[in-house]
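Visitor: model the following, please.
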Amino acid sequence: MAYMLMPIYNLDKPVGPLQVNQSDDVRLLQTMFNELNKLTPKKICDIPLPIDGVYSDELCLWIRAFQERAGLPVNGKAMPMQVSAPAGRNARVDWQSTAADGSLSVVYAMNVLLRQHAKMQHEGLKGRLRLAEKGFAAA
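Guide: Next up is the predicted model:
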């Protein structure tokens, strides 16, 4: 299930061609892309993108367009960011800007852009999408 790890949204599983494409993860990407397209001066893509949680060729085109625009490797896949549980009682969660393959995460780049352009809309996605806030038990 897609989730929010304050103040970052992340995927639970990969989204893209031949990937798991969980509905919540797909819906998160669809929503973030639509919000970014409304808020940024240069549109990511002109193809309509419904927010229905169903992976489609259109979503793949959006991911590829965003990757190209952000200077990321273009493969049409959005991988979850790596997140590590805190090591000590007062340690913070360690979320990384990279995907497991070492490339800059599409989800990380989307979070940064959306927060820069509209912090309130970014934070409001949790409620709109009914996302759980993921926590980690202290070691």
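
Visitor: now for the residue nearest the centre of the chain: which residues touch it?
Guide: The geometric centre of the chain, computed from its C-alpha atoms, lies nearest to Val107 (CA atoms, centre = their mean), at 3.1 Å. Applying CB atoms under 8 Å, 6 or more residues apart in numbering, we find Val107 in contact with Tyr9, Asn10, Leu11, Leu29, Ala78, Met79, Pro80, Met81. In short, each C-beta sits where N, CA and C put it, glycine included.

Visitor: biggest helix in the chain by residues?
Guide: Longest helix in the chain by number of residues (criterion: DSSP state H): helix 23-39.

Visitor: buried ones in that one, by neighbour count?
Guide: By neighbour count on 16 or more other CB atoms under 10 Å, the buried set for helix 23-39 is 24-37.

Visitor: same check on stretch 69-81?
Guide: Judged by neighbour count (16+ other CB under 10 Å), stretch 69-81 contains these buried residues: Arg69, Ala70, Leu72, Asn75, Gly76, Lys77, Ala78, Met79, Pro80, Met81.

Visitor: any chance you could map the strands in the protein?
Guide: Under the criterion DSSP state E, the chain contains strands at 3-5, 8-10, 81-84, 94-99, 132-133.

Visitor: lovely, talk soon.
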